[in-house]
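> Based on what follows, work out the 3D shape:
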Amino acid sequence: QVQLVESGGGSVQAGGSLRLSCVASGRAFIPNILAWFRQAPGKEREFVGGISGSENRTYILDSLKGRFTISRDNAKNTLYLQMSGLKPEDTADYYCASPKILWAHIPSTPHDYDYWGQGTQVTVSS
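A predicted model of the protein is given here:
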């Protein structure tokens, strides 16, 4: 099993910044793909971006490029999501996820991910 624990959420005003963290643990964890998803109330879970296991290839949703950055520190088994220029529409629960399979690409659909954190809430007020 792999355990994922997110932190760093909170309430900010529009234009503000937050950095989310996700620590991975468990004997089954290897430097595999890690990804961020978010889910706003009443909406489906949405892929935010992901990063590969060892080459640090990243992918961010086009609409979020320039505001969101993904990175990881494999020595700390930690995934980060740096968010700046936050907007009220970024309000959501943010989840990190990792697949069992060593995909060659970074999947963007939730069903391709097997391990999920409990989520951290981000609220952006106008």
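> spatially speaking, which residue is in the middle of this protein?
With distances taken as Cα atoms, centre = their mean, the residue of the chain nearest its centroid is Trp36 (2.0 Å).
> Enumerate every residue touching it.
20, 22, 47-50, 70, 79, 81, 94-97 (Cβ atoms under 8 Å, 6 or more residues apart in numbering). Bear in mind the C-beta positions are built from the backbone N, C-alpha and C, glycine included.
> does it count as helix, strand or coil?
Following DSSP: H, G, I helix; E, B strand; the rest coil, we place Trp36 in the strand state.
> Gly16 reaches Ser126, doesn't it?
No - contact status for Gly16 versus Ser126: not in contact, 11.4 Å apart, counting by Cβ atoms under 8 Å.
> Tell me which of those two has more neighbours.
Gly16 (15 against 8; other Cβ atoms under 10 Å).
> Next one: the more buried one, what pLDDT does it get?
Looking at Gly16, its pLDDT stands at 98.
> and if you look at Gly26?
With respect to pLDDT, Gly26 has a value of 84.
> That's all I had, so thanks and see you.
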